[in-house]
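**Q** requesting a structural model of the entry that follows:
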Amino acid sequence: MKRDKKEPTAETFLSQPSSQDLRGRQSVRATFKLTEKAIETMSAVSVHLGIKQKSLFDHLIDDLESLERIARQMGSATRDLPSRMQKTFVLSRRTLSCLDRTAREYAASRDALVEYSIQRLQPVIAKEKKRHAERKRLLSQLNEFLISAETILANAQQNLGPDDPVYDQLEKAIIGMFNTRDDIAAFIEKGKVIENF
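**A** Numbering: from 1, shown residues only. Okay, the predicted model is just below:
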C-alpha cells in the first residue's frame, strides 16, 4: 500500500537556526578599561561558581533591560572610573553588538556600562561569602566528628578484631567520610578567593 503523504521530518517540527543567529554566538575578543575591583569580581565569581567568564559576561551584558537602565542612570556624563586598567574578555558577537548599540543609543561609555554591569554581581558575592563561611563551619564540625569516628573504629578493632564484618563496614564508612571531607576541604580552599571581597 502506497502512502501519499511524506513522513514528517525534524525540519517539519523544529525551527531552523538562521546564519545570523549562529554568527551572533561566535566568540570575539573585546578590550575594556575597568577598575581592578571589577576585574577581580569577574574572576572571583567565575572561579567560585565554576562559570566561564565568557558565559558570565554574556549573561550580564545580554540583559538588555538592565543594561539600558544602567545607561539611563549614567546619562550622557561619562564618569571617570578611578585607576582603570585594560582587560580583554572573550564574549559573543551578539553581546558585543548589544553593548555597542546601547552605548551609542544612550551616548554612554562602553567601559562604564561594563563596569556598572559587573557591579550587579556584588549581591551574589555577598551571598556566596555567607555560604562560604557556613561551609567552613560545617567542615570544622565534620573534622570533630571524624575524630570521634576514629575512636569508634579503634574500639571496634580492639573489641571485635580487624576480620569482623561490623569492623569492616565501619572502616569502609569512615574511609568514605574522610574522602568526602577531603573533597569538601578542596572545594572550600578553591572558594577562598571570595574571602577578600
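**Q** so which residues of the protein form strands?
**A** Along the chain, counting by DSSP state E, strands occupy 27-35, 84-92.
**Q** just want the angle from the last one to strand 27-35.
**A** So the one you mean is strand 84-92. 160 degrees (axes from the mean of the first three to the mean of the last three Cα atoms, to 10 degrees).
**Q** could the strands of the chain go into CSV alongside mean neighbour count, distance to residue 69 and mean pLDDT?
**A** Using the backbone N, CA and C atoms, a C-beta is placed for each residue, glycine as well. Below are the strands of the chain laid out as CSV (neighbours: other Cβ atoms under 10 Å; distance: least, Cβ to Cβ, whole Å; pLDDT from 0 to 100):
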stretch, mean neighbour count, distance to residue 69, mean pLDDT
strand 27-35, 15, 19, 92
strand 84-92, 16, 20, 90
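**Q** for residue 116, which of those is the nearest?
**A** Among the strands of the chain, the nearest to residue 116 by Cβ to Cβ is strand 27-35 (10.4 Å).
**Q** roughly how far is the closest one from the heart of the chain?
**A** How far strand 27-35 lies from its chain's middle: 19 Å, per Cα atoms, centre = their mean, to the nearest Å.
**Q** when you give positions from now on, start the count at 346
**A** Okay, residue one is now 346; in that scheme the one you just asked about reads as strand 372-380.
**Q** okay, it in PDB with CA atoms only?
**A** Output of strand 372-380 as PDB, limited to C-alpha atoms (Å, rounded to 0.1, in the frame of the first residue of the first chain):
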ATOM      1  CA  SER A 372      33.300  34.300  20.200                       C
ATOM      2  CA  VAL A 373      35.100  37.600  19.800                       C
ATOM      3  CA  ARG A 374      37.600  39.500  21.900                       C
ATOM      4  CA  ALA A 375      37.000  43.000  23.300                       C
ATOM      5  CA  THR A 376      39.200  45.100  25.500                       C
ATOM      6  CA  PHE A 377      37.800  47.400  28.100                       C
ATOM      7  CA  LYS A 378      39.300  49.800  30.700                       C
ATOM      8  CA  LEU A 379      38.000  48.700  34.100                       C
ATOM      9  CA  THR A 380      38.800  49.100  37.700                       C
END
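**Q** thank you, goodbye.
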